[in-house]
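*Asks:* sequence first, then the predicted structure:
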Amino acid sequence: MMVQETYKTTWLAKVPEHWETLRIKNIFAEIDERSETGQEELLSVSHYTGVTKKRDNLENETDFISNAKTLVGYKKVAENDLVSNIMLAWNGSLGISKYNGITSPAYCVYRIKGDNNPNYFGYLFSTAFMKAEFRKKSFGIIDSRLRLYSDKFFSITSPVPPKTEQDQIVTYIKEQSKKIKHFIKKKQTFIALLKEQRQAVINKAVTKGLNPNVTMRDSGVDWLGVIPKHWEVRKLKFASDIIYGISPNEKSYNDKGVGSILINGPVEYSKEDFGYTRSLKWTTEPQKFAPKNSLLFCLRGSTTGRLNICHADVAIGRGVAAIIGNLLTQEYLVCIMIVLRKNIENSFKGSTFPSVTSRDLNNYYISIPPKEEQTQIVTHIKNETAKIDEAIAKAQREIELIKEYKEAMIAEAVLGKYKMSEL
């Protein structure tokens, strides 16, 4: 229920009349204590996760926790300190630490003053209106150059509720956030099940066909199993044309020629984009092109196996292959490659930098129905997956809406828009 009481107006919003408004310099003090050993827990901060242990973000236990030669001299952080990435504070890259540890010397560390709850200010500083103020106070020409230095951060005015109300607000936000997290987790589990169902529909159609009474035979390929007797099984290179990208030699770059080249994995099934292109200057035109509507396949890196439809003719660099159906319709090619990819992921070479060689891709076996039957299979898949896709989109939208609700809930709570008796 909304508060029915007297408000006063600050630069950012109306807050209850009995709240104080103070500059941040009166709420936090900057701390610059340095590690003498570099052995403390290394912490990082982002606008997605707040302050976290760096090791928790590593993909593999063997990955290096930092590229720095030594962590001696890193800034010490205590539990409940505010850690700010001054380069990205305007985007919300700051938060209250739950841990004792150390962080980059380029970050700022602040400690709460007096009888205040640091978590209240952590929530306050995550709101859109506070981030807008951080941006306004930051120095720089472009976003990537913006810096929020301590003197400017300290000059910002902040609402300061009584400590008891700070505590109530923090408890309320935590309880609501827990419920929202549970809701999102359930929706994500539901989406995962729908995607498995979608995969099963495609898998069955491209490996078993649509006629349950057709005579079957062993394909001789583990991931295909038994297939309709009249279907062919061929290596991908004999069923399609495959174009492997090459990258211009860096020595050939100059200021005269300009080109755009797809340099890494495609954006998975994006309807607006098909990959990351880089504008390069070289003396000769690129030699390898992916024609519009070809199927892009990523050959290396963390996105190995990623697929997408090429939405325009584009030069492709090393690490990208374009596949054009020959004995396959292009739509059936996409369906069979979705299933193939799922079955070959465990065979990608390399643990830290997975890859698929041209020899691997050339020699993957696929099933090939007659083209008329390929068209029927694609139509069946579209019809069967349409409702699944609709349910996935609905669940994803519900997740986005609950995240928007969470942002609004936090903003209203930290500005005193709810009665304390009902928190």
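*Replies:* Nice, I can see it. Numbers count the residues shown, from 1 in each chain.

*Asks:* which stretches of the stretch 201-350 of the chain form strands?
*Replies:* Listed from the start of the chain, the stretch 201-350 of the chain has strands (DSSP state E, counting those that start in this stretch) covering 216-218, 226-228, 232-235, 240-244, 259-262, 277-280, 289-290, 295-298, 307-309, 314-316, 320-325.

*Asks:* quick check, central residue of this structure?
*Replies:* Tyr48 (9.7 Å; CA atoms, centre = their mean).

*Asks:* am I right that that residue is in a strand?
*Replies:* No - going by DSSP: H, G, I helix; E, B strand; the rest coil, the assignment for Tyr48 is coil, not a strand.

*Asks:* give me phi/psi at it?
*Replies:* phi -90, psi -40 (degrees, to the nearest 10).

*Asks:* for it, give me its contacts.
*Replies:* Applying CB atoms under 8 Å, 6 or more residues apart in numbering to Tyr48 gives no contacts. (Glycine included, C-beta is placed from N, CA and C.)

*Asks:* tell me how far it lies from Ile86.
*Replies:* Distance, Tyr48 to Ile86, by CB to CB, to the nearest Å: 18 Å.

*Asks:* now do Lys152
*Replies:* 10 Å.

*Asks:* compare neighbour counts for those two and give me the winner.
*Replies:* The residue with more neighbours, out of Lys152 and Ile86 and counting by other CB atoms under 10 Å, is Ile86; that gives 21 against 18.

*Asks:* can you classify that one as helix, strand or coil?
*Replies:* On the basis of three-state DSSP, Ile86 is classed as coil.

*Asks:* over to Asn80?
*Replies:* coil.

*Asks:* and Glu30, backbone torsions?
*Replies:* Backbone torsions of Glu30, given as degrees, to the nearest 10, read phi -80, psi 140.

*Asks:* does it touch Tyr107 like I think?
*Replies:* No - Glu30 is beyond contact range of Tyr107, at 11.2 Å (criterion: CB atoms under 8 Å).

*Asks:* so between the two, which is more surrounded?
*Replies:* Tyr107 (22 against 15).

*Asks:* quick one: residues contacting that one.
*Replies:* Going by CB under 8 Å, 6+ apart, the list of residues near Tyr107 reads 45, 75, 83-86.

*Asks:* please pick the buried ones from these.
*Replies:* 45, 75, 83-86 (16 or more other CB atoms under 10 Å).

*Asks:* could you pull up the mean pLDDT of stretch 323-332?
*Replies:* Mean pLDDT, taken over the full extent of stretch 323-332, equals 93.

*Asks:* need the residues that contact that stretch.
*Replies:* Applying CB under 8 Å, 6+ apart, the set of residues contacting stretch 323-332 from outside is 206, 232, 234, 236, 238-243, 291, 293-297, 333, 336-337, 366, 368-369, 371, 374-375, 377-378.

*Asks:* could I have it exported to PDB, CA atoms only?
*Replies:* The C-alpha trace of stretch 323-332 is given here as PDB (Å, rounded to 0.1, in the frame of the first residue of the first chain):
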ATOM      1  CA  ILE A 323      27.000 -24.800 -45.400                       C
ATOM      2  CA  ILE A 324      24.800 -24.800 -48.400                       C
ATOM      3  CA  GLY A 325      22.400 -27.700 -49.000                       C
ATOM      4  CA  ASN A 326      23.000 -29.700 -52.200                       C
ATOM      5  CA  LEU A 327      21.200 -32.900 -51.700                       C
ATOM      6  CA  LEU A 328      19.400 -31.200 -48.800                       C
ATOM      7  CA  THR A 329      16.900 -28.400 -48.800                       C
ATOM      8  CA  GLN A 330      18.300 -25.500 -46.700                       C
ATOM      9  CA  GLU A 331      15.500 -25.800 -44.100                       C
ATOM     10  CA  TYR A 332      16.100 -29.500 -43.700                       C
END
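
*Asks:* chain center to that stretch, what's the gap?
*Replies:* Centroid separation between stretch 323-332 and its chain, computed with CA atoms, centre = their mean, to the nearest Å, is 31 Å.

*Asks:* for that stretch, buried residues please.
*Replies:* Using 16+ other CB under 10 Å as the test for burial, stretch 323-332 gives 323-325, 327-328, 330-332.

*Asks:* still on that earlier bit, wait, which of the buried ones among the contacts of Tyr107 is closest to Arg145?
*Replies:* Of all the buried ones among the contacts of Tyr107, Ile86 has the smallest distance to Arg145: 11.5 Å, by CB to CB.
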